[in-house]
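> predicted coordinates and the sequence they were generated for:
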Amino acid sequence: DGGITQSPKYLFRKEGQNVTLSCEQNLNHDAMYWYRQDPGQGLRLIYYSQIVNDFQKGDIAEGYSVSREKKESFPLTVTSAQKNPTAFYLCASANRGAGANVLTFGAGSRLTVL
Amino acid sequence: KNQVEQSPQSLIILEGKNCTLQCNYTVSPFSNLRWYKQDTGRGPVSLTIMTFSENTKSNGRYTATLDADTKQSSLHITASQLSDSASYICVVSALMDSNYQLIWGAGTKLIIKP
């Protein structure tokens, strides 16, 4: 079955550590996205990539980094520079620009900083 | 400022009853509006997507309406089931600087009680 796989589902991090969240899709989608979800707020865009080896900052990119070396993969690194990293992180993909098409989301990764 | 506001913030109804969720937006230039369903701890799943010219769209027991003049949308759920318990998110797409941007509402948390 086609879909998006995020791992790990739950992750605990000590302050000062970098962590990487994995996102893999087998939908043959060109575009991939990372969102952050906090209670009582709408999803906020961290980074997005329309094609391999290219990515753009979203609204809250500070303290995060990404890579897009393969079409299927779009890992997100939460660095120690991110002031408040505890959140639910969602990866999504779409065929073309997300304005016209529907995003397909992964199941999410919940990061907790201890 | 582009904004999407949803009401109510949360709602509790009895199984079998109908309910209507509201979405008001101040987004320009408008491209389309989508409703997503998000189960707790999971990624959002698309229910409907509506363009400027569409007034009503149904997906099973879910019916979305759009009034582009008043910039309002609603999601009506008929004969609710326990599995309808979830957050419902309204998202509006705007075409800005040749790129589509998604403006997310904070969601309405719906609880269905037996």
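That came in fine, so what should we check first? Since the structure is predicted, the reported quantities are computational estimates derived from the model, not experimental observations.
> could you use CA atoms for every contact and neighbour count after this?
OK.
> and the one residue in chain B that gets nearest to chain A, how close does it get to A:Ser93?
Proximity of chain B to chain A (Cα to the nearest Cα) peaks at B:Ala106, 4.0 Å away. B:Ala106 sits 21 Å away from A:Ser93, going by Cα to Cα, to the nearest Å.
> do the same with A:Glu69
Distance, A:Glu69 to A:Ser93, by Cα to Cα: 15 Å.
> more neighbours: the two, which one.
Applying other Cα atoms under 10 Å in any protein chain shown to A:Glu69 and A:Ser93 shows that A:Ser93 carries more neighbours, namely 32 against 13.
> next structured bit after the helix or strand containing the more buried one?
Secondary structure from DSSP states H and E places A:Ser93 in strand A:87-94. Next helix or strand after strand A:87-94 toward the C-terminus (DSSP H and E): strand A:104-105.
> now for that following strand, which elements pack on it?
When contacts are defined as 3 or more Cα pairs under 8 Å, 6 or more residues apart in numbering or on different chains; DSSP states H and E, strand A:104-105 packs onto strand A:87-94, strand B:45-51.
> can you tell me what sits against the longest one?
Contact partners of strand A:87-94, identified using Cα atoms under 8 Å, 6 or more residues apart in numbering or on different chains, comprise A:4, A:6, A:23, A:25, A:29-38, A:101-112, B:43.
> what do you get for the last one?
The list of residues contacting strand B:45-51 from outside it, by Cα under 8 Å, 6+ apart, reads A:102-105, B:31-38, B:56-59, B:62, B:64, B:66.
> kindly format the C-alpha coordinates of the strand holding A:Ser93 as PDB.
Output in PDB follows, covering the C-alpha atoms of strand A:87-94 (Å, rounded to 0.1, in the frame of the first residue of the first chain):
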ATOM      1  CA  ALA A  87       5.700  19.200  19.700                       C
ATOM      2  CA  PHE A  88       3.900  16.800  17.300                       C
ATOM      3  CA  TYR A  89       5.700  16.800  13.900                       C
ATOM      4  CA  LEU A  90       3.900  15.900  10.700                       C
ATOM      5  CA  CYS A  91       5.400  15.000   7.300                       C
ATOM      6  CA  ALA A  92       3.200  15.300   4.200                       C
ATOM      7  CA  SER A  93       3.600  14.900   0.500                       C
ATOM      8  CA  ALA A  94       1.700  15.900  -2.700                       C
END
